[in-house]
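> Generate a structure from the sequence data that follows.
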Amino acid sequence: MFNSIPPITRNIIIINIIVFVASYFLPQLDYFLSAYYPFSPNFKSWQIITHMFMHGNLVHILFNMLTLYSFGPILEYRLGDKKYLILYFLSGLGAFFLYNLWNLIEVQQLVSQLQSMNIDAKDFLNSLIENPNKTLIQNEEEQNLAGIYFGRMVGASGAIFGVIAAFATLYPDAKIGIMFIPVPMKVKYVVPILIVISIYLGVSGNGGGIAHLAHVGGALVGWILARIWKKHLYRFN
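Below is the predicted model:
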């Protein structure tokens, strides 16, 4: 059955599984391959790509790979290898950049709040770098700032949301089943609902440690690319 999956989707799934298993036996990979806030001292340029192959736990990777398995093959056949690969990675990049653009806005707000409390944000962050195991966080603003600078972003969810959004753009009337909803719904209704929920959770800060705005960034790129390609799809393929 696995061999019946088209090559790009199959190889992406294989790489994700290999990296997940490797990071289990080599925990230090989490720090090198996960993505950090671009202004964090832990950020490295390659993390923009490698974070797409990292996952926090077994449920996380299973959900992402099952979703990719469900939507990816149809798009790969429809778009062709090159466009499908571009879709996947540009959606992942869009997820990274939108998520960190929001982080940048939050950092500016937190720095201003700390200044009003006579706390120098730069000195606070430097103290955390010098003494990472020391309890230096005294308030919620410092905790949130430290979370942005030293928290890790992992997973293929942003890229996969791009795949889902592209699928919804090319096959808007296709019906899919959703957990807890017994009646299949058209994908053109499901995706906007998911995006609105992701925006609310991302902006409100009630995301539960999930980078919801990364989902939005990935979906936005997937939708834009699918709209562009839809007009000329049959001409080029």
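> sec struct for the most centrally placed residue in the chain, please.
With distances taken as C-alpha atoms, centre = their mean, G158 lies nearest the centre of the chain, 3.2 Å away. Taking DSSP: H, G, I helix; E, B strand; the rest coil as the rule, one finds G158 in the helix state.
> immediately after whichever strand or helix holds L62, which helix or strand?
Here L62, judged by DSSP states H and E, is contained in helix 58-79. Toward the C-terminal end, the helix or strand that comes next after helix 58-79 (DSSP H and E) is helix 81-116.
> Tell me which other helices or strands the helix holding L62 touches.
Applying 3 or more C-beta pairs under 8 Å, 6 or more residues apart in numbering; DSSP states H and E, one finds that helix 58-79 makes contact with helix 7-25, helix 81-116, helix 157-170. C-betas here are computed from N, CA, C, even on glycine.
> mind running it again at 6 Å?
The elements that helix 58-79 packs onto, with contact taken as 3 or more C-beta pairs under 6 Å, 6 or more residues apart in numbering; DSSP states H and E, are helix 7-25, helix 157-170.
> Which positions in stretch 41-50 come out as buried?
N42, Q47, I48, T50 (16 or more other C-beta atoms under 10 Å).
> In what element of secondary structure is the third one found?
This means I48. According to DSSP H and E, I48 maps onto helix 47-50.
> which one of the buried residues of stretch 41-50 is nearest I18?
Closest to I18 out of the buried residues of stretch 41-50 is T50 (12.5 Å), distances taken as C-beta to C-beta.
> neighbouring contacts of the helix holding I48?
For helix 47-50, contacts defined as C-beta atoms under 6 Å, 6 or more residues apart in numbering pick out L33, A35, F96.
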